[in-house]
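In: can't give you the sequence, but here's the structure:
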Ligand code: NAD
């Protein structure tokens, strides 16, 4: 096992300046305490997003991608994507170029206030396919030449005017057997290794029969392979039902395997049950490459205020420690988070939810103050 890995990190746009230093401080402290200087991460900053554009004129320099490839494991803060125009998502581009085909989002409760009656029942891992679906980025503006050509082709294929208007914008939703199956295999291997009992395929296959319906069918085909058969139970749920059942029958969900868009939506909804986006970690994993990142975005209105919750990125880093095999350091971070929340210490988002529930003996900390509290509460 490597004792001194070089880990490239992207600070991130917006609140990246707040949460990334907090994450590094908490991780360094946990590793130092747990392994008593026998292990240490060598952090290497790489550029992406607004900082990269200011310094190099590019939003995603090739050198940064090469560094992630070379060092195999990296971590990133959130990157801003303009809505309705401008650059395409750098987050999506990183996942596509490095073929980080599974996005892993564990959602569990650490002690925050929750709209759920039994938040302790929320312990679900969402495996979101990361490279296909409407996120492929193949879409054409209304009235563009490309959209008109595709619509003309569709009409040739017998598509009626009431199905697709002639001036429609067009987006393509590719879902393939190869990419679905490698994703489901990764998810089921992960589930078996972590002792999960049930995996649910989430789809909208009643309406999108040949894309999401096929996702379900290919998923079951993988579940039937000798490697998985009889080792883990697999069922499926239609996406809209899944949203309500995750709230009403929380303990029935252990792991959710979803195509890209469903996985994106359900992970934010699940996070809302355990303290919101500030508590939602994630990892993008391919074959031998992994980039860890919080589920939330760059929350520009809070940028630089030292106010937001760094837990998502810290928990993403704990996932990274687990991935490196440094389980004890990861566990110590989980424990310190539980202790800190039990003391009713939290950033504004956590404190607001506790107060809304009538708890007044709570204390608001800054982003860096919260990181210090976590360090103080590390059990080692
Ligand atoms: P967002 O996740 O940045 O913020 C939405 C709201 O969630 C915030 O206003 C805040 O109230 C809350 N929030 C988010 N992170 C928090 C934290 N750490 N602590 C406390 N509260 C937190 O979503 P948005 O406003 O829709 O997107 C802003 C930008 O981020 C967009 O450009 C979007 O494309 C981008 N984005 C990036 C990623 C990524 O880097 N992976 C993910 C989602 C969105």
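Out: That came in fine, so what should we check first? Note that this is a predicted model, so its numbers are computed, not measured.

In: Only C-alpha atoms from now on, for both contacts and neighbour counts.
Out: Will do.

In: Check the gap between the closest residue to residue 284 other than its chain neighbours and the ligand for me.
Out: Nearest residue to residue 284, sequence neighbours excluded (C-alpha to C-alpha, 6 or more residues apart in numbering): residue 103, at 4.4 Å. Taking C-alpha to the nearest ligand atom, to the nearest Å as the criterion, residue 103 is separated from the ligand by 11 Å.

In: helix/strand/coil for residue 103?
Out: Under DSSP: H, G, I helix; E, B strand; the rest coil, residue 103 falls in the strand class.

In: my read: it touches residue 125, true?
Out: No. Under the criterion of C-alpha atoms under 8 Å, residue 103 makes no contact with residue 125, lying 10.2 Å away.

In: which one of these two has more residues nearby?
Out: residue 103 (30 against 23; other C-alpha atoms under 10 Å).

In: Any idea what that one is bridged to?
Out: Here residue 103 sits in beta bridges with residue 128, residue 284, as judged by DSSP bridges.

In: what does the one 5 residues further on give?
Out: Under the criterion DSSP bridges, residue 108 forms beta bridges with residue 123.

In: What's the local residue count around it?
Out: Neighbour count of residue 108, defined by other C-alpha under 10 Å: 21.

In: Make 197 the starting number, not 1.
Out: Sure thing, new numbering starts at 197, so read that last one as residue 304.

In: pretty sure it contacts residue 322?
Out: No. Shown here, residue 304 and residue 322 do not form a contact pair, counting by C-alpha under 8 Å, at 11.0 Å.

In: Outside of the helix or strand hosting residue 240 itself, list whatever touches it.
Out: Element membership for residue 240 (DSSP states H and E) is strand 238-241. For strand 238-241, the external contacting residues (C-alpha atoms under 8 Å, 6 or more residues apart in numbering) are 200, 201, 202, 203, 204, 205, 206, 207.

In: Looking at those, which two lie furthest apart in space?
Out: By the measure C-alpha to C-alpha, 200 and 207 form the most distant pair in the contacts of strand 238-241, at 20.5 Å.

In: Could you check which of these two has the larger neighbour count?
Out: residue 207 (24 against 12).

In: so what's the more buried one closest to, chain neighbours aside?
Out: Using C-alpha to C-alpha, 6+ apart, the nearest residue to residue 207 is residue 273, at 5.2 Å.

In: residues contacting that neighbour?
Out: Counting by C-alpha under 8 Å, 6+ apart, residue 273 touches 205, 206, 207, 208, 209, 212, 215, 216, 489, 490, 494, 509.

In: in stretch 253-267, what's buried?
Out: Across stretch 253-267, burial judged by 16 or more other C-alpha atoms under 10 Å covers 255, 256, 257, 260, 261, 263, 264, 265.

In: hmm, it in reach of the ligand?
Out: No. Using C-alpha under 6 Å from any ligand atom, stretch 253-267 stays clear of the ligand, coming no nearer than 13.0 Å.

In: How about stretch 442-462?
Out: No. Judged by C-alpha under 6 Å from any ligand atom, stretch 442-462 and the ligand are separated, with a smallest distance of 9.3 Å.

In: if you average pLDDT over that stretch, what comes out?
Out: Confidence over stretch 442-462 (mean pLDDT, whole number) is 95.

In: Between the two ends of that stretch, how far is it?
Out: Distance across stretch 442-462, first residue to last, is 9 Å (C-alpha to C-alpha, to the nearest Å).

In: Ok, stretch 421-439 next?
Out: OK, stretch 421-439 end separation, C-alpha to C-alpha: 29 Å.

In: buried residues in that stretch?
Out: Using 16+ other C-alpha under 10 Å as the test for burial, stretch 421-439 gives 424, 427, 428, 430, 432, 433, 434, 435, 438, 439.
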